[in-house]
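Engineer: coordinates only, no sequence provided:
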């Protein structure tokens, strides 16, 4: 599985300035501390600069400023992290599937699979579905009726697309992800929940990535929509009729309730929850484990996650939280006694 | 995939009063804003009444009061949302599987599959399992030894039932759900966790819905039990020996720890967590991301989720939470100085 | 499915002192309250001692002290819960798979499957992968290129191992778990996320258990590492390059962000979240739904989960949390007026 690429080839691939031996063989990538004498490394985060001098790496991706003082072989690039991202794919040991249809796959007569697509073992593709050129569909995938996967995509083994799910170009979907599940729609009649058929679909843009075991429900009436360039980590829940704007990223374990709209270039950290039927504007950053209960109209950072304390201290804080209303009233009472009614005090007083 | 139903047929199906053309063809359902001239819509939430006048819908499901002032075709019903729920199934584009067993399915000789059941591609059904009439088992499903699926059910592709899982009638299970996994049972001996075999099963009532990638563990000794009419959204975790009462609904990402019992007609919002070995009575509503740490004996609403603030403001609040015990003590000190020991003050003071 | 074991055999198996009839037939295990006259039970938690006298069990696992006053048949053991754990496996109705390869399995020519392994229906094993003796690979499992599963393991149906995942001996993996998914690695270039190939693998120690639908991502450069004896419950997310120390246990719905290291013998309760790039030392216990935002260097218990209140009370507390900074400033103001600047007051004051 070892790939060997010459340093000169990497310089050419990246458009980098090479300072060193173009014939030097590179067989992999590693961190500054772990790289061996045939591996390429990089400095992106300044806090790792201390490891520069001692690195055993064959060569480094460095900014011009960092390259100056460094003695070893260097590829000088404007953005070492971006350069590392590009080079990483050259050393990826992920098997490349050959084009063609595995003999065990079950494909409906009227499904359209491009000859330049790869369909794995035990895949099921139902009536009217389409898989475009250059797309890999891993073993055990299910592609429901009329669903479409655009060109250049990669579906890991065991991905499920229900019917009427349209996926754009160059989309990566990890194992266990489910697109088009029936959203949580029920009408309550005298205490009994009556199911509402979920007749909308799912629309996924281009260059989207969807993580392991992430669920994106189909729309109740219209479609659930994920924009171009959106990146969804593992274990995420996207409810029916959610809309996610282009280039928004969500870390693992986020949950978005039904019909909520999220803007472009947002970032949601891990474990964030959003209630339904709200709007989040573009360029919003929500920190970890925050509960978002209303719309956000101003770009910026928002939070409500509480950081841990030693349990004995936390128990005291938590008990006091329950007394907070009482504490605030008593404070107000003392202020009145003291004849102290500041504008600040008024602003936050009761009534 | 277009279904066409005449307005008069819909009136008959619903027992609705038709005010309009019974021959008008309806081809789908949509919201008031999005409905086209061949689609049916409805007004359930009063905040959408503003869209009534401008709707292009072919006809509307309306209450008598709303129908009065409306000029277009109307189906008058007592509960438009419930009527929409019923009608939605007529327009559901979900493929209906034909009865019969796909030739690729692997079915144990002593398993019993009703001739009126539908078994998809690559399904595995093990020894002694049973699938009743009118039930669809989607592709890639696994039904373990002695497990039973009642009549009229629908298992989406890729649902896993371990052994000894009994599922009632008309149960819907979405992709990726796992019923009967081995619960988290370990005995700690000198720091080493020793596995406890999970020898109980899972019992699912009638008319239950189980969402995408939801997990319901088997019991350690007795069964894990889900009552009739329970609705579980996606990504939920139900631990061993949990009992959920009839007609309780849980939104996505809820986690219930082992041996906890939940009453009937409860509602758990998204991201709620319950510790183990507690009892929740009937008719309890728990708001989003709440942590339930003890039993609840009174019906009503319960919360602990903290709503977001702009991050800069939240950082101040969060820092102060850590000082709360100190703040409360200092307030008490001031009160003593002020000679002010109200009953309220006493009630919440230290000691 | 009924197993029958004589009481004398159980005594021998456990090394227990039998007080009673060695020929008595035991057919199962149950709790003190539920056990019938052919079932074995146990007393581990003192709060269940009240059920001792009335238990219908055929025999009980008891400590010497509890056995003294008890009239029925008893197996006297030093640790009844550990004894129950050991005995439980004798009564486990889980089907044992026969060695051999199911004819539908698709196995690469150069994969190595031990003749004493069991490979289920529709399993896919890719090039260079290995499955050791005594290991069961359930139906619909996928074992990627060069991945290795050690001896004596049990993979439930539908487990996915990507390429280059190395699993130790006696490892149990529940359905829907995914090992080796591509972690959430992207470089942001002018607002566009560029994927970073995840070229590391996953390394799982011996005697590990991995729960239903749990995800363990592969490393970005080096491996993600799970130590020996680690127990992971359902719906857990382990990001790339996380390291988990030996014998640490995590309850359901925990999320660990990238590159975080967790020590040995830690316990994480349900719903806990950890940010990335932090270190947790050995012997740390984190309570439910806590957010861990920085490294922990001292063993002990840590918390930030807020316990529920009735919603009306909680709304007041929550509103006051937003006023906390103002409350603290006003308190400080009153203290100044009162001429009261205690050391405590200073310690927690502004500025």
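Structural biologist: Yep, that arrived. These numbers come from a predicted model, not from an experiment.
Engineer: C-alpha only now, for contacts and for neighbours.
Structural biologist: Noted.
Engineer: could you tell me which residues of the stretch 101-250 of chain A lie near chain B?
Structural biologist: Taking C-alpha under 8 Å from any C-alpha of the partner chain as the test, the list of the stretch 101-250 of chain A residues beside chain B reads A:106, A:122, A:124, A:140, A:142, A:145, A:160, A:163, A:176, A:178, A:181-184, A:186-189, A:191-199, A:213, A:215, A:221-222, A:235, A:237.
Engineer: so residue A:169 is in which element?
Structural biologist: Secondary structure from DSSP states H and E places residue A:169 outside every helix and strand.
Engineer: quick one: it and residue A:150 touch, right?
Structural biologist: Yes. Counting by C-alpha atoms under 8 Å, residue A:150 is a contact partner of residue A:169 at 4.4 Å.
Engineer: what's the burial count for the residue of the stretch 151-300 of chain A found nearest chain B?
Structural biologist: For the stretch 151-300 of chain A, the nearest residue to chain B under the criterion C-alpha to the nearest C-alpha is residue A:196, separated by 4.4 Å. For residue A:196, the tally of surrounding residues (other C-alpha atoms under 10 Å in any protein chain shown) stands at 23.
Engineer: equivalent analysis for residue A:96, please.
Structural biologist: The number of residues packed around residue A:96, counting by other C-alpha under 10 Å, is 9.
Engineer: contacting residues for the residue of the stretch 151-300 of chain A closest to chain B?
Structural biologist: For residue A:196, the contacting residues are A:185-187, A:220, B:84-86, B:88-89, by C-alpha atoms under 8 Å, 6 or more residues apart in numbering or on different chains.
Engineer: pLDDT below threshold where in chain A?
Structural biologist: Per-residue confidence for chain A (pLDDT under 70) gives these ranges: A:1, A:340-351.
Engineer: make it 90
Structural biologist: In the predicted model, chain A carries pLDDT under 90 at residues A:1-3, A:45-47, A:69-71, A:305-307, A:322, A:335-351.
Engineer: now do the end-to-end distance for stretch A:167-184.
Structural biologist: Criterion C-alpha to C-alpha, to the nearest Å; first-to-last residue distance in stretch A:167-184 is 22 Å.
Engineer: again with stretch A:115-131
Structural biologist: Using C-alpha to C-alpha, the end-to-end distance of stretch A:115-131 comes to 9 Å.
Engineer: for chain A, which segments count as helices?
Structural biologist: Secondary structure of chain A by DSSP state H: the helices cover A:7-14, A:64-68, A:80-88, A:311-322, A:324-337, A:343-347.
Engineer: nearest to residue C:73, of these?
Structural biologist: Closest approach to residue C:73 among these is made by helix A:311-322 (43.3 Å; C-alpha to C-alpha).
Engineer: contacts for the closest one?
Structural biologist: By C-alpha under 8 Å, 6+ apart, the residues outside helix A:311-322 that reach it are A:308, B:321-325, B:328, C:301-304, C:306-307, C:309, C:313-314, C:317, C:321.
Engineer: drop anything exposed from the residues you listed.
Structural biologist: Restricting the contacts of helix A:311-322 to buried positions leaves A:308, B:321-325, B:328, C:301-304, C:306-307, C:309, C:313-314, C:317, C:321, with burial counted as 16 or more other C-alpha atoms under 10 Å in any protein chain shown.
Engineer: any idea what the most centrally placed residue in chain A is bridged to?
Structural biologist: Residue closest to the average C-alpha location in chain A (C-alpha atoms, centre = their mean): residue A:232, at 2.8 Å. Beta bridges link residue A:232 to residue A:210, residue A:250 when assigned by DSSP bridges.
Engineer: would you mind listing what in the stretch 251-351 of chain A touches chain C?
Structural biologist: Counting by C-alpha under 8 Å from any C-alpha, the positions of the stretch 251-351 of chain A adjacent to chain C are A:251-253, A:265, A:270-271, A:288-289, A:305-312, A:314, A:318, A:321-325, A:328, A:331, A:335, A:338, A:344-345, A:348.
Engineer: kindly apply the preceding question to the stretch 1-150 of chain A instead.
Structural biologist: Close to chain C, as judged by C-alpha under 8 Å from any C-alpha, the stretch 1-150 of chain A has residues A:29-31, A:81-82, A:84-86, A:88-89, A:91-95, A:121-122, A:139-140.
Engineer: in the stretch 51-200 of chain A, which residue sits closest to chain C?
Structural biologist: residue A:85 (4.4 Å).
Engineer: find the nearest non-adjacent residue to that residue, please.
Structural biologist: Spatial nearest neighbour of residue A:85, chain neighbours left out: residue C:196 (4.4 Å); criterion: C-alpha to C-alpha, 6 or more residues apart in numbering or on different chains.
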